[in-house]
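> Quick one, structure for this:
(chains A and B)
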Amino acid sequence: MRRIRLYDTLSRETRLFQPLVPPRVGMFVCGLTPYADAHIGHGKVAVTFDAFARALRRWGYRVFYIQNVTNIDDRLIATGGATGKDPLSLADQHFAAWRNDMDRLGIRSVNDYPHATDFVPEIVAQIRQLVDGGYAYAANGSVYYDVAKFARYGELSGQKTEALRPGARVEPEPGKRAPGDFVLWKAATPGEPTWDSPWGPGRPGWHIEDTAITVRMLGPRYDVHGAGLDLKFPHHEAEIAQAEAATGESPLVNFWMHVGLLTMKGEKMSKSLGNVYGLHEALEEFGPEVVRFYYLNAHYRSPLDFVPGISLEEAREAYGSLRGASDRLRAELLAAGPDRAGEELSSTEVAETGRTIEKLDEALSEDFNTREAIAALFSWTGQSASVLAKLEQLSSESLSTLLGPFDWAAAVLGLCGGIPLDESSVVPEVVQASLDARARARDRGDFPEADRIRDALAAAGIVVEDHGGVTRWRLRGSER
RNA sequence: GCUGAGGUGGCAGAAUGGUUAAUGCGUCGGACUGCAGAUCCGAUUCCUGGGGGUUCGAUUCCCUCCCUCAGCUCCA
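Next comes the predicted model:
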């Protein structure tokens, strides 16, 4: 098992990663409230932890990764009410769309998506523990967490409850003992979905589902909790307070991993600002790998500023050269078959390739530095340029060796994988007929006609390139 | 105001108490092309927010100031 160091937000230090029960790793990532479609900020979190889980698994850890779905919540009820839809089926719809986008993004690591409403008995049981333990109190059919009873409340975020800006957005609900207390169980309001509880009909508060789920599925303590930085307070603070008070065990989480937020031209994305860029649109326009590359090309804890019309375009340019090299390599190996004889790599080249793979693992072992790994991939392709330029002379074995770093990238980062060219959508014979016409035009020196044909093909998304005496074509955006 | 994360070349973005501070994009040359693209070769050697301090040596450690973003009970 590889030695990994990880930054933990709670202790504010980078420490050796030691799972509670190696090689198993329990991992929980705050999921979604499916009241709207995923945006590119959600994609960043998803890709970060997808790649992180892939890396751990590559290193021999047995990762159990779950992501919750808050399918009952104020926003769902509000959105449902506005559109005349049942909140639960609204949640199902959006969750289905979310899953489609995540599949397209290449998210493969999540083992399960537990839904809040499937854990109501666990939620009620945990609230009861908190009430019995004196950490929570009932009022007007609701139950609140008494923040003052949990001494470490605020430790994760460095907040002191008494220092919170008074009155800001703290609802001065009747029944609350202190403004900072948060709701565990919300008394029923007519027309909303409700469940029975010892305190009367109602529904779960926002924070409680996570700990009900994790205690049940991962145990009272687990290894990794991930989410966007914006959830640190109050949500994660509440999770700690709930779980640790309910189970009596501490710490709830070994490593808190908070992902730097993605901003839009320097500002937070939000519906009220009207600057939300949908993940679906990004995938449509740039394809999954460019989007993944964009996220992974920065450290996960750094904030990332998204500028429409620039950020993903730059990512496409940068990623294109890596993708191009891996495509050529994979295509050549496919053409060569497994047993082609040919030039062998020098021992230096073999060693460099092996060392590159080692560098990739090392980069991710030090606080999951994907940017460093990508830099190593670029360096290696740069160094190997002369070899990569004469692939048709190499043996199959040499080609396989050279594929090593790209196979690593495919497995862990979800980049530079199998050839995704969707050539079935064009008819090769038709393209070839055009190319033949162009070749005849070039032969007789009619370059305006040759260029007209090339431009027409380009307009259809088919890029024509002359390599020495050979003309090749490919679909534009072969990274898709 | 309080809490947290940041400030690195034209841009994006790593790293480190010590050889020329990665890598990529862009730009500029060259090779190859009818031209272009792709690819290859080379250049872009005076970039670490300001000011102090510790040190033989600071971008890194300490203090201080300035600026940006986020959180302060909807948020990934």
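> Could I get the buried residue list for stretch A:427-443?
Buried residues in stretch A:427-443, defined by neighbour count with 16 or more other CB atoms under 10 Å: A:Val431, A:Ser434, A:Leu435, A:Arg438, A:Ala441, A:Arg442. Every residue, glycine included, has its C-beta placed from N, CA and C.
> Of those, which belong to helices?
In this view, the buried residues of stretch A:427-443 that belong to helices under DSSP state H are A:Val431, A:Ser434, A:Leu435, A:Arg438, A:Ala441, A:Arg442.
> what's the third one in contact with, if anything?
Residues in contact with A:Leu435 (CB atoms under 8 Å, 6 or more residues apart in numbering) are A:Ile453, A:Leu457, A:Val464, A:Thr471, A:Trp473.
> ok, those vs A:Thr211, which is closest?
A:Trp473 (55.8 Å; CB to CB).
> backbone phi and psi for the residue of the stretch 101-250 of chain A found nearest RNA strand B, please?
Using CB to the nearest atom of the strand, the closest approach of the stretch 101-250 of chain A to RNA strand B is made by A:Gly228 at 2.0 Å. Backbone torsions for A:Gly228, taken as degrees, to the nearest 10, come to phi -70, psi 150.
> ok, now A:Pro34?
Per degrees, to the nearest 10, the backbone of A:Pro34 is at phi -80, psi 70.
> With A:Ala298 instead?
phi -130, psi 160.
> shaky segments in chain A?
Chain A contains residues with pLDDT under 70 at A:161-173, A:419-426, A:476-480.
> Show me the helices in it, by range?
Going by DSSP H, chain A shows helices at A:40-58, A:74-83, A:87-105, A:120-132, A:208-217, A:237-247, A:279-296, A:311-336, A:347-365, A:370-383, A:385-388, A:396-412, A:428-443, A:447-459.
> What is the burial count for the nearest residue to A:Ile77 once chain neighbours are set aside?
Take A:Ile77 and drop its neighbours on the chain: the residue closest to it by CB to CB, 6 or more residues apart in numbering is A:Pro87, 4.9 Å away. Around A:Pro87 there are 22 other residues, counting by other CB atoms under 10 Å.
> A:Pro87 contacts A:Pro193, correct?
Yes: using CB atoms under 8 Å, A:Pro87 makes contact with A:Pro193 at a distance of 6.2 Å.
> Without its sequence neighbours, what residue ends up closest to the residue of the stretch 1-150 of chain A found nearest RNA strand B?
For the stretch 1-150 of chain A, the residue closest to RNA strand B is A:Gly41, as judged by CB to the nearest atom of the strand, at 2.6 Å. Counting by CB to CB, 6+ apart, A:Gly41 lies nearest to A:Leu262, which is 4.3 Å off, once chain neighbours are set aside.
> Just put the helices of chain A in TSV and tack on distance to A:Glu155.
Shown next, in TSV, are those (distance: least, CB to CB, whole Å):
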stretch	distance to A:Glu155
helix A:40-58	23
helix A:74-83	27
helix A:87-105	32
helix A:120-132	18
helix A:208-217	16
helix A:237-247	8
helix A:279-296	29
helix A:311-336	35
helix A:347-365	28
helix A:370-383	29
helix A:385-388	51
helix A:396-412	33
helix A:428-443	63
helix A:447-459	59
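> re the thing from before, report the entries of the buried residues of stretch A:427-443 that also contact RNA strand B.
For RNA strand B, the contacts drawn from these by CB under 7 Å from any atom of the strand are A:Arg442.
> So which bits of stretch A:32-44 are buried?
A:Leu32, A:Thr33, A:Pro34, A:Tyr35, A:Ala36, A:Ala38, A:His39, A:Ile40, A:Gly41, A:His42, A:Gly43, A:Lys44.
> Mind putting the residues you listed into CSV with distance to A:Thr70?
As requested, these are exported to CSV (distance: CB to CB, whole Å):
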residue, distance to A:Thr70
A:Leu32, 7
A:Thr33, 4
A:Pro34, 8
A:Tyr35, 9
A:Ala36, 12
A:Ala38, 14
A:His39, 16
A:Ile40, 20
A:Gly41, 16
A:His42, 13
A:Gly43, 18
A:Lys44, 19
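> I'd like to know which of these is nearest to A:Gly80.
For the buried residues of stretch A:32-44, the nearest to A:Gly80 is A:Tyr35 (8.3 Å; CB to CB).
> how about the closest one, phi and psi?
phi -110, psi -10.
> Tell me how far it lies from A:Arg3.
With the distance defined as CB to CB, to the nearest Å, A:Tyr35 ends up 42 Å from A:Arg3.
> near RNA strand B, which residues of the stretch 301-450 of chain A?
A:301-305, A:314, A:317-318, A:320-321, A:324-325, A:366-367, A:369, A:371-372, A:374-375, A:378-379, A:381-382, A:385-386, A:388-389, A:442, A:447, A:450.
> List buried residues within those.
Here, 16+ other CB under 10 Å leaves A:301, A:304, A:318, A:320, A:324-325, A:367, A:369, A:372, A:374, A:381, A:388, A:442, A:450 buried among these.
> and which of those residues is nearest to RNA strand B?
A:Ala318 (3.0 Å).
> residues contacting that closest one?
Counted by CB under 8 Å, 6+ apart, A:Ala318 has contacts A:Phe293, A:Asn297.
> Any idea how many residues pack against A:Tyr300?
For A:Tyr300, the neighbour count with other CB under 10 Å is 25.
> residues contacting it?
With contact taken as CB under 8 Å, 6+ apart, A:Tyr300 is in contact with A:Thr48, A:Phe52, A:Met257, A:Val259, A:Gly260, A:Phe368, A:Thr370.
> Show me which of those residues is closest to A:Lys149.
Taking the contacts of A:Tyr300 together and measuring to A:Lys149 by CB to CB, the closest member is A:Met257, at 27.9 Å.
> so that closest one makes contact with A:Gly228?
No: in this structure, A:Met257 is not within contact of A:Gly228 by CB under 8 Å, at 10.4 Å.
> Compare the two and say which is more crowded by neighbours.
Counted by other CB under 10 Å, A:Met257 and A:Gly228 do not tie: A:Met257 has more neighbours, with 23 against 19.
> related to what we said a few turns ago, where's the residue nearest to A:Gly41 relative to RNA strand B, distance?
4 Å (CB to the nearest atom of the strand, to the nearest Å).
> Tell me who's in contact with that residue.
By CB under 8 Å, 6+ apart, the contact set of A:Leu262 is A:Ile40, A:Gly41, A:Lys44, A:Met269, A:Pro303, A:Leu304, A:Asp305, A:Phe306.
> coming back round to it: ok, of the contacts of A:Leu435, which one's closest to RNA strand B?
For those, the nearest to RNA strand B is A:Val464 (6.1 Å; CB to the nearest atom of the strand).
> returning to that earlier point: got the ones in helices among the buried residues of stretch A:427-443 as a markdown table, with distance to A:Ser396 columns?
Formatted as a markdown table, these follow (distance: CB to CB, whole Å):
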| residue | distance to A:Ser396 |
| --- | --- |
| A:Val431 | 29 |
| A:Ser434 | 33 |
| A:Leu435 | 29 |
| A:Arg438 | 33 |
| A:Ala441 | 38 |
| A:Arg442 | 34 |
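> Stretch A:387-406: end-to-end distance?
15 Å (CA to CA, to the nearest Å).
> Could you list the residues in contact with it?
So stretch A:387-406 is contacted by A:325-326, A:328-330, A:332-333, A:336-345, A:349-350, A:353-354, A:356-357, A:360, A:376-377, A:380-381, A:384, A:416 (CB under 8 Å, 6+ apart).
> Lovely, talk soon.
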